[in-house]
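Asker: Below is the sequence, then the predicted model.
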Amino acid sequence: MDAKAAAMQKDQDKLTQQLQFTKDDYKKIAGTFNINANPDGKIIWVNERDRVVFINLGSADGLKKRVTFSVFDPSTTDVSALPEKDADGNVIEKKNQTVSDARKKGAIEVINVTQPHMAECRIMADSTTSPLLPGDLVFTPIWRPGKQDHFAFVGLMDIDGDGKPDSERIHDLIRSNGAIIDAEIDEKTGAMIGAVTPATRYIVKGSTEKVVNPIGSNKLIEEATKLGVEAVDLAKFLDMMGYTPALQDDKIVRGHTPNAPTAGEPVGNFRARVPPERGSKGGGF
């Protein structure tokens, strides 16, 4: 009996230790990242010649084609942080400036989900002075591994700056990333559609200059505030998800309609590739 009790105690001590390790890991992450801005994954290989990278996310994480990510330096402590600016709007260069100012290095888009925890992405935006590298963090506010995110939208959703609503484009971005709109404002009546819930990740705020009826908007914002839903303006939201308007306007630039597959649709535009083995020529591990 004593031996059995000792064995049970040993198992209990082991479980307690494992639980403590989990708590310590959580505290470490929660202490450096905004709860809504933890990085989703990282770049594991870069092929600059073909303008593609591979990330450590794939089919087992629920990743789909067309999901876009912003890319950040590996030491970034909060990808949702905004740079500190002076009265004229210029970024303040502080001594010992931390990377929590989160200056985005670039943007990528998933083009092929190749393995359970690997996907091929095209480079949508980068810089020659700060190229994308293995180990760089990837983040989007619209998707998380194994989860279906929820959002609320209030105000005029004007993406291209023409003063007109781009609600259909917003809906397409949300659907293509597998996310859900919990609540939004009717463009014609100003009434609130849906409801903010504890599952709502962000309330995205557009322009309020042309609001038809503020009652619905005020109600939506009030609900989000009561539930502690984090608010982010539309421009920041699009920037964090790696949205690149220039690429969305390929039809105008190139004079034809780009063949953009819907989420989950097979695509034949890209040649299947896999990263080389560790240590082989051209590898980036």
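Answerer: Structure's in. What do you need?
Asker: give me every residue that touches E209.
Answerer: L156 (C-beta atoms under 8 Å, 6 or more residues apart in numbering). All C-beta atoms are positioned from the backbone trio N, CA, C, and that covers glycine.
Asker: In the helix or strand harbouring I193, which of the residues would be classed as buried?
Answerer: Using DSSP states H and E, I193 falls within strand 192-194. Residues of strand 192-194 classed as buried by neighbour count (16 or more other C-beta atoms under 10 Å): M192, G194.
Asker: Within the sheet, what are the partner strands of that strand, with directions?
Answerer: The pairing partners recorded for strand 192-194 under DSSP bridges are strand 180-185 (antiparallel).
Asker: Please work out the average pLDDT along the partner strand.
Answerer: The pLDDT scores in strand 180-185 average 90.
Asker: Stretch 213-223 too?
Answerer: In the prediction, stretch 213-223 has an average pLDDT of 87.
Asker: hey, C-alpha coordinates of it in PDB?
Answerer: C-alpha atoms of stretch 213-223 as PDB (Å, rounded to 0.1, in the frame of the first residue of the first chain):
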ATOM      1  CA  ASN A 213     -26.700  57.700 -36.900                       C
ATOM      2  CA  PRO A 214     -24.300  57.700 -33.900                       C
ATOM      3  CA  ILE A 215     -26.600  55.700 -31.700                       C
ATOM      4  CA  GLY A 216     -25.600  52.300 -33.100                       C
ATOM      5  CA  SER A 217     -21.900  53.200 -33.100                       C
ATOM      6  CA  ASN A 218     -22.100  54.500 -29.500                       C
ATOM      7  CA  LYS A 219     -23.800  51.300 -28.500                       C
ATOM      8  CA  LEU A 220     -21.200  49.100 -30.100                       C
ATOM      9  CA  ILE A 221     -18.300  51.000 -28.600                       C
ATOM     10  CA  GLU A 222     -20.100  50.900 -25.100                       C
ATOM     11  CA  GLU A 223     -20.500  47.100 -25.300                       C
END
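Asker: Going forward, the N-terminal residue is numbered 9.
Answerer: Yep, numbering from 9; the last one is stretch 221-231 now.
Asker: Okay, buried residues for that stretch please.
Answerer: Burial within stretch 221-231, assessed by neighbour count using 16+ other C-beta under 10 Å, is assigned to G224, S225, K227, L228, I229, E231.
Asker: Tell me how many other residues crowd the closest residue to G163 other than its chain neighbours.
Answerer: Nearest non-adjacent residue to G163, counting by C-beta to C-beta, 6 or more residues apart in numbering: G214, 3.4 Å away. Around G214 there are 24 other residues, counting by other C-beta atoms under 10 Å.
Asker: and G214, what is it in contact with?
Answerer: The contact partners of G214, taken as C-beta under 8 Å, 6+ apart, are F161, V162, G163, L164, M165, D166, D241, L242.
Asker: Give me the pLDDT value at the spatially closest residue to the last one that is not a sequence neighbour.
Answerer: By that I understand L242. Distance criterion C-beta to C-beta, 6+ apart; nearest residue to L242, sequence neighbours excluded, is G214 at 4.6 Å. G214 is assigned 87 on the pLDDT scale.
Asker: Repeat that for P153.
Answerer: Per-residue confidence at P153 stands at 82 (pLDDT).
Asker: quick one, phi psi at the residue nearest to it when sequence neighbours are not counted?
Answerer: Sequence neighbours aside, D69 is the residue nearest to P153 in space, at 3.9 Å (criterion: C-beta to C-beta, 6+ apart). Phi and psi for D69, reported as degrees, to the nearest 10, are phi -90, psi 0.
Asker: my read is R177 is in a helix, agree?
Answerer: Yes: counting by DSSP: H, G, I helix; E, B strand; the rest coil, R177 is part of a helix.
Asker: thinking it is in contact with R183, fair?
Answerer: No: counting by C-beta atoms under 8 Å, R183 is not a contact partner of R177; they are 10.8 Å apart.
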